[in-house]
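Enquirer: Generate coordinates for the sequence data below:
(2 chains)
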Amino acid sequence: MTTEIPMDKTTDTTKVSTAQATPIVPLPHAAARALTVAGSALALIGTFLAWTWTREFPGNLTVTGYPGGLQVLTLVGSALTLLFTLSGYGIRGLGWLTPGGKNSPVLLAALGVFGTTGYAMGAISQELGGLVNLEPGAWVSGIGALVALIGALGLPVDQPYGAEDPNPNLWGRIRHSLTAPEPGRAKELPSWAEILIIAAGFGVGLYVFAFGIGTEYSELFIGFLIIAAFGFTAVTRAGLLKRLSALTAKHRNVAMAAAFVAAICFPFTQTNDQFALIGANILIFATVALGLNVVVGLAGLLDLGYVAFLGVGAYAAALVSGSPQSSIGVHFPFWAAVLTGAAASLIFGVVIGAPTLRLRGDYLAIVTLGFGEIFRITMNNLNGNSGPDVTNGANGIPNIPDLEIFGFNLGLPHNVLGHELTRSGNYYLLMLLFTAIVVMVFRRSAESRIGRAWVAIREDETAATAMGINGFRLKLLAFALGASLAGLAGTVQAHVSYSVTPEQYEFAGPVPPNSAFLLAAVILGGMGTISGPLIGAALLYLIPAKLQFMAEYQLLLFGVALMLLMRFRPEGLVADRRKQLEFHETGQLDVPEDKSLPDGATGVAKAGA
Amino acid sequence: MTTTTTAPTSTTVLDASGVTMRFGGLTAVRDVNLTVNTGEIVGLIGPNGAGKTTFFNCLTGLYVPTEGKVAYKGTVLPPKPHLVTQAGIARTFQNIRLFANMTVLENVLVGRHTRTKEGLWSALLRLPGFKKAEDASRARAMELLEFTGLAAKADHLARNLPYGEQRKLEIARALASEPGLLLLDEPTAGMNPQETRAAEELIFAIRDKGIAVLVIEHDIRFIMNLCDRVAVLVQGEKIVEGPADVVQSDERVIAAYLGTPFEGAPGEAEAAEVEAAEAEAQSTTEGDDK
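Expert: Down below sits the predicted model:
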């Protein structure tokens, strides 16, 4: 009975509110659409004009006829707005752009253009001292962006207001106008076409990612972040992402191969060794995050000292690398060093796991945090003074020689297919191989009897043991597997960074990877998924690295960003199907809430007894 | 006290002897003996707090009994839940404990854990036996879902099932470990009469598969229809055991459920005393208001 009443209400309010979903700016729809088209076209034209008179502002915005720097971002954004708007007109051949929402993508893209252009104008006038430094082109784009935004705000709203809030206030209306319905089922395409679409999707992704890494000054990176965030949301609302993920789910192996190929292509798009190094570091970070995902995402064990396993692998590899400062004067070949690093991490993982995994929840988190710090402090103390000389204490082990695999020296640039592959490029590709191995390990273990047992332990440990799962042993297995995956990454990291020092392996610090950042990458990206931690790690590495000018505010801003994300998307950027249902109740058969309902029935039964 | 000994015609599946569970000074279960034979459905009833679930937890190794031992088909069980399940005792929980964010099929597959051997290396290297074992597991799990009538919902998340089906899924998951004895903790709590009847039929079908069943239940009609033998637990002690109708008319059982009549009805003096106390309580609360 009680469930029926709200359902009746729902249908009523939906009927009423269909007419009520009014745009924020009251405009005739045709006028709104025309305004949006005109505005975004104007913004687009403006990018071809000079925005400022001097080259003092980075990116050279003084040329007429050739957009550069921040102008490119406005150009791309306004082109996207224009395309989405035209698709809304129902122009043939553009309908595929908006299978989901029709107008909210336009609004989001327009917001992105407005944000980037506004930010560019603000940055120019602030850095050069006044609005006088803006050339007409900037005004053209700025006004165009504003007009497009006003037009987009006047477009009809995609969905009627929800039943829970039929008369939202202004903030609610703005938020509502950014939502969109899910896209319907896609038309069947021949599989070669679908694979081509996947390839194109990954190509665009690679290009955007490489552009983000390659941003040479922070103004461009901030502009990039603005347009990328809004553009990404616009594409999601338009339903394109859903279509793409449906395709990748259908051709999973093809999609993985495409992602891998796109990643291989990355160093060939970079001419600057520095950016390839960023790529290699991101891969190290991402691989370790994926290893942590076994422990946190699958088995549900909160490990706050995970970076120690990376450290163990790196120290083990450094000790057997043949570095003159190593206390063991041996030089293992690469494969042996890798096995040593992974084995050392594995042993360390078992040694730490065996006593701590008897604890649950918060206690486990605190103890692992402690062990993480113990590792760092021990490495500091094994310096010959306060302990035996193994690790050179705070100086660490420097001068780690470059790897040589089958006579191929990774330290030297090589010419591959007419492209100079730098040292960092070499290590990037080596690390990519490790990432692929870890991805495979994660996927295969997750989709097996062992992986199911881990998830069962995460869900309900008591019930899992009652199903015959040896909880302690499986948790130890997860811990050990996670540790050895981090150890693998550590062996490469030691060589990439030339030296290992204890303070590389702190709990928290401004430079990833450290335990806090690793955990943040897993949670922000999406627990229990493969692409989640990879994306999360890339973002968490790039954002602090590119925002170095903010100095002491860097971590503050970072914290604020994390809080916002957890508020609005608690399941992470890439949602596990399970997690999405967990955090956003869809309202379909909410059974667990109804448990109290059958009281009457049990009462009768008891009375009968 | 009085325990009707069962005829030693069929073999004993479960033999719990002298099981006692103390939490500090509180004795939740005191010296309980219980046997379950093959092909038998045994009921365990008793008022709330009588120690039925505690007894179940002692049987399945979730609690280590303070005294006594539990034997399954002649071998004494170690008090570890996963070893008990491996030996062949499966259970369901009073408050449903499904893996809420796994699919229905995955839940049953987890139940297959003890009956499959594929380890981590086999999974990582996809050794030849892996796919075969996985497929066999899946087929067996689907069979069980057919048996419980959940096959159509195999890909739903367990949390999205209606209440009655969650109970069924718990049973399917328990059956997946191929038990010789199934312990059901209030399988019909919160079900309507139709669902209860369906549950009855399901339990009979399980018995027909050759699995002995020990069931805790409050619904006495359900117990009467279902059980060959009923044991009554009151304040941690087993007071009666026997056929359902004998137990139902036993005085001690009635007393335990409904209480014994007072020796001498409350007199006028007592009534007046209570009234006076009530009046005083009311006046003090009013005083507080002022």
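Enquirer: Can you name every helix or strand that the host helix or strand of A:Ile457 contacts?
Expert: Using DSSP states H and E, A:Ile457 maps to helix A:449-459. Helices and strands touching helix A:449-459, by 3 or more Cβ pairs under 8 Å, 6 or more residues apart in numbering or on different chains; DSSP states H and E, are helix A:461-466, helix A:471-496, helix B:104-111, helix B:120-125, helix B:128-148. C-beta here means a position set from N, CA and C on the backbone, and glycine is covered the same way.
Enquirer: Is chain A within reach of stretch B:59-79?
Expert: Yes - for stretch B:59-79, a contact with chain A is found by Cβ under 8 Å from any Cβ of the partner chain, at B:60, B:62.
Enquirer: What is the end-to-end distance of that stretch?
Expert: Length of stretch B:59-79, first residue to last, Cα to Cα, to the nearest Å: 8 Å.
Enquirer: For that stretch, the averaged confidence score.
Expert: What stretch B:59-79 shows for mean pLDDT is 91.
Enquirer: Return the set of buried residues in it.
Expert: Neighbour-count burial for stretch B:59-79 flags B:59-63, B:65, B:68, B:70-73, B:77, B:79 (criterion: 16 or more other Cβ atoms under 10 Å in any protein chain shown).
Enquirer: okay, now the domains of the chain?
Expert: Looking at chain A here, since you left the chain open. For chain A, automatic domain parsing gives the domain ranges A:21-161+A:168-180+A:187-195+A:216-245, A:272-508.
Enquirer: wrong one, I was asking about chain B
Expert: B:1-88+B:179-262, B:98-176.
Enquirer: among those domains, where is the model least confident on average?
Expert: domain B:1-88+B:179-262 has the lowest average pLDDT among the domains of chain B, namely a mean of 87.
Enquirer: chain center to that domain, what's the gap?
Expert: Offset of domain B:1-88+B:179-262 from its chain centre (Cα atoms, centre = their mean, to the nearest Å): 7 Å.
Enquirer: Ok, stretch A:371-383 next?
Expert: In terms of Cα atoms, centre = their mean, the centre of stretch A:371-383 is set 31 Å apart from its chain centre.
Enquirer: contacts for it?
Expert: The contact list for stretch A:371-383, computed with Cβ atoms under 8 Å, 6 or more residues apart in numbering or on different chains, reads A:304-308, A:311-312, A:315, A:348, A:352, A:356, A:387-396, A:502-503, A:505-507, A:515.
Enquirer: Now that we have the residues you listed, which of them are buried?
Expert: A:304-308, A:311-312, A:315, A:348, A:352, A:356, A:390-393, A:396, A:502, A:505-507, A:515.
Enquirer: And the furthest pair within the buried residues of stretch B:59-79?
Expert: B:Tyr63 and B:Lys73 (21.4 Å; Cβ to Cβ).
Enquirer: about what we covered before: and the contacts of stretch A:371-383, which of them are in helices?
Expert: A:307-308, A:311-312, A:315, A:348, A:352, A:356, A:515 (DSSP state H).
Enquirer: between those residues, which is nearest B:Ala205?
Expert: Nearest member of these to B:Ala205, counting by Cβ to Cβ, is A:Thr356, at 45.0 Å.
Enquirer: what's near enough to touch residue 90?
Expert: Using chain A here. Here A:Gly90 is in contact with no residue (Cβ under 8 Å, 6+ apart).
Enquirer: Not quite, go with chain B.
Expert: Neighbours of B:Ala90 in contact, by Cβ under 8 Å, 6+ apart: A:466-467, B:111, B:174-175, B:177, B:179, B:181-183.
Enquirer: Appreciated, that's everything.
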